[in-house]
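# mind looking at a prediction? Sequence and model below.
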Amino acid sequence: MRVLFAALASAGHTHPMVPLAIAAREAGHEVHFAAGEHVHAPLGRLGLNPFRPADSFYEIYAEDLEPDLARLRPDLVVHGWGVPEVAVAARRAGIPALWHGFGRLFPAGIGLERPDGGTHLDICPPSLQDAGFLATADRIVLRPVPFAEPGDFRRPLVYLTLGTAFGTPEVLKTAIEGLAALGPHVVVATGGVALGPQPAHVTARAWVPQAAAIARADLVVHHGGSGTTLGALAAGVPQLVLPQGADQFANAEALVGAGAGLRLLPDELTADAVTEQARKSSSCRDAARAIAAEIAAMPSPDEVARELPKFAK
């Protein structure tokens, strides 16, 4: 069977789809991945045959993908929530398609078109998923598996990231100041933001192998992006969320409601507040571990990949 995956060209949209794409390839299916060139390097290293449809660099429109659907003639299309026009192109070509989520169903008004209808590969644990989506959507439950390049951290740490789109020097420096006061080693993924010299127990890098960092973390401090949220939950690590935009406020609210994390809204953010909330974060550990157990019980990418032929033409 030939399967075409398609996603927005960003780590937050592409990386959640990679585990299923790998599992599909390992199950013997021929896999191709349509996305802008920004995410081609890791996809290529994994043998997922990335290509850029037409003139698409980030978003993919129906007319961008139609020539490649005619060329590849896939049996099934799996497309991210962020590329709804791929569903249009697949429907026009008479090819079955599945939506692939990246976390909780995002709220309206954040700049993405909410998916309507169809069958969804849902990687959000049900205890955190949007209640309306749970009640009405046709869902295939799929365990979220963090994807990252290999890395190794040999001591407990606090991991700080604001992702690749929302980091600013002001917020990062405030968070670092608050976390540095606690004493443990702090690893910061700057996303390319220039920060200048840091204390000896703060390591700041433009890119950090996130899954490896979270595996050693006692606390993850972040912007509330879906990938980081689910990665920390899968590891059972408490979170402190500093939401900046998009779906991050909704993700933070869900975490707080589940008792698995704390948050500081933009008008609450000071170094002292970060220190105080970080000290309180251990109170979230039991709830975080309970959700980690829920995630571990969800069907794995290998299990779901074996079921994909049922949805093909």
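Structure received.
# every contact and neighbour count from this point should use C-alpha atoms.
Will do.
# point to the residue nearest the middle of the protein.
What sits nearest the mean C-alpha location of the chain, by C-alpha atoms, centre = their mean, is Gly227, with 2.3 Å.
# which element is Val3 on?
strand 2-6 (DSSP states H and E).
# report the separation between Arg279 and Gln210.
22 Å (C-alpha to C-alpha, to the nearest Å).
# these two: which is more packed in?
Higher neighbour count among Arg279 and Gln210: Gln210, with 23 against 13, using other C-alpha atoms under 10 Å.
# where does the more buried one land on pLDDT?
Here, the pLDDT recorded for Gln210 equals 91.
# state the distance from it to Ala232.
Taking C-alpha to C-alpha, one finds Gln210 at 10 Å from Ala232.
# same check, this time on Leu48
Counting by C-alpha to C-alpha, the gap from Leu48 to Ala232 is 26 Å.
# sec struct for the residue nearest to the centre of the chain, please.
helix (DSSP: H, G, I helix; E, B strand; the rest coil).
# model confidence for it, exactly?
93.
# is it correct that it is in contact with Ser10?
No - using C-alpha atoms under 8 Å, Gly227 is not in contact with Ser10; the gap is 11.4 Å.
# need the distance between the two termini of stretch 45-63.
Using C-alpha to C-alpha, the end-to-end distance of stretch 45-63 comes out at 28 Å.
# could you give the mean pLDDT of that stretch?
On average, stretch 45-63 scores 96.
# equivalent analysis for stretch 271-283, please.
Mean predicted lDDT for stretch 271-283 stands at 97.
# now swap in stretch 5-20 and tell me
For stretch 5-20, mean pLDDT rounds to 96.
# who touches it?
Applying C-alpha atoms under 8 Å, 6 or more residues apart in numbering, the contact partners of stretch 5-20 are 21, 31-39, 43, 57-60, 77-83, 86, 100-102, 144-148, 225-227, 301-302, 304-305.
# quick one, which of the residues you listed are buried?
Taking 16 or more other C-alpha atoms under 10 Å as the criterion, what is buried in the contacts of stretch 5-20 is 21, 31-37, 39, 43, 58-60, 77-83, 86, 100-102, 144-147, 225-227, 301-302, 304-305.
# taking the residues you listed one by one, which sit in strands?
Val31, His32, Phe33, Ala34, Val77, Val78, His79, Gly80, His100 (DSSP state E).
# quick check: beta-bridge partners of the last one?
His100 forms beta bridges with Gly80, Leu121, as assigned by DSSP bridges.
# the strand holding Val3 pairs with which strands?
As assigned by DSSP bridges, strand 2-6 forms pairs with strand 30-34 (parallel), strand 76-80 (parallel).
# which residue ranges make up each domain of the protein?
2-144+298-311, 157-296 (automatic domain parsing).
# mind checking the end-to-end distance for stretch 218-231?
Stretch 218-231: ends 13 Å apart by C-alpha to C-alpha.
# identify the residues contacting it?
In contact with stretch 218-231 (C-alpha under 8 Å, 6+ apart) are residues 12, 16, 102-104, 124, 144-146, 156-163, 166, 211, 214, 232, 237-244, 247-249, 251-252, 278, 281.
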